[in-house]
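Student: How does the following fold in three dimensions:
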Amino acid sequence: MLPDIPLYLTITFILTAFFTVGIFASGFWESKNPKTKRWTHTLLLGVLFWMIFLSVLAINNYFIDRKATPPHVAIPVFISLGIILISFGLPRFRRTLDSLSLESLTWLHVVRIPVEISLYWLFLEKQVPESMTFSGINFDILSGITAPIVVWAYFKREIIGSKILLLWNVLSLALLFIIVIRAFGAAPSPIQKWDFEQPNYAVLHFPFIWLPGVIVPLVFWSHLIAIRRLVLKKA
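Tutor: So this is what the prediction gives:
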């Protein structure tokens with residue numbers, strides 16, 4: 001764990017991570033397909049095991065090896081991306097994803113607000129660079145702020161169409177890509193590209209390893225599911 005980090009910061013981030021997992025799981029639970037609902041408990045157990053596995057590695061300083069190539073912090077991301085690609089590549093899983101609650105997956109992006117607040121607090125503690133915060137060049141918090149508005153306008157009032165929801169998902173995905181690239185380029189490793197004066201230390205430690213290993217993949221997955229659904233609907 002990071003030394004001298006305020007307890008409120010750690011607790012806020014842990015709660016944010018579990019909230020993210022819970023909202024994503026609600027996409028399964030709120031599905032109108034009974035078979036998809038039955039996947040909820042399997043998903044929760046799988047993600048919980050993954051979180052424990054990452055925690056053990058982080059607590060044992062696996063991710064702080066600055067000479068490793070590729071950086072160890074990238075390995076959870078590669079594994080998560082592999083799972084996401086497999087889920088879209090196999091017809092059975094693809095049908096399951098197509099039956100998830102789109103409203104729940106849109107609500108999930110609200111978690112980007114506490115994530116961005118946590119990153120700002122970590123910047124004040126000199127554990128991430130300012131460029132990764134909303135006071136720098138990270139505008140990902142806009143997706144979190146606008147998510148409730150999009151839910152209200154599309155799902156509750158139906159005053160915007162699927163094209164607007166699709167556009168919002170695409171733009172929000174672009175914001176996510178920007179901060180992910182920024183974060184990896186700032187992580188202390190042989191491929192670090194910027195922010196050498198205050199690197200991205202936090203994600204190498206527990207519980208902040210859950211950001212690249214759990215939260216970002218679930219947010220990314222939610223966007224891809226929504227974009228696929230909306231493109232198929234448009235077609």
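Student: And the next helix or strand past the longest helix along the chain?
Tutor: If you go by DSSP state H, the chain has its longest helix at helix 162-186. Sequence order places helix 210 as the next helix or strand after helix 162-186, per DSSP states H and E.
Student: so what does the helix or strand following that next one touch, helix or strand wise?
Tutor: Using DSSP H and E, the helix or strand that follows helix 210 in sequence is helix 216-234. Helix 216-234 is packed against helix 7-29, helix 74-89, helix 102-107, helix 162-186, with contacts defined by 3 or more Cβ pairs under 8 Å, 6 or more residues apart in numbering; DSSP states H and E. Where you see a C-beta, it was placed from the backbone N, CA and C, and this is true even at glycine.
Student: which residues make contact with helix 216-234 from outside it?
Tutor: Contacts of helix 216-234 with the rest of the structure, by Cβ atoms under 8 Å, 6 or more residues apart in numbering, involve 20-21, 24, 27, 77, 80-81, 83-84, 87-88, 97-98, 100, 102, 105-106, 108-109, 111-112, 162-163, 165-166, 169-170, 172-173, 176, 180.
Student: what separates the closest residue to Ser87 other than its chain neighbours from Ile225, distance-wise?
Tutor: Spatial nearest neighbour of Ser87, excluding adjacent residues (Cβ to Cβ, 6 or more residues apart in numbering): Phe93 at 4.4 Å. Distance, Phe93 to Ile225, by Cβ to Cβ, to the nearest Å: 11 Å.
Student: likewise Val170?
Tutor: For Val170 relative to Ile225 (Cβ to Cβ), the value is 13 Å.
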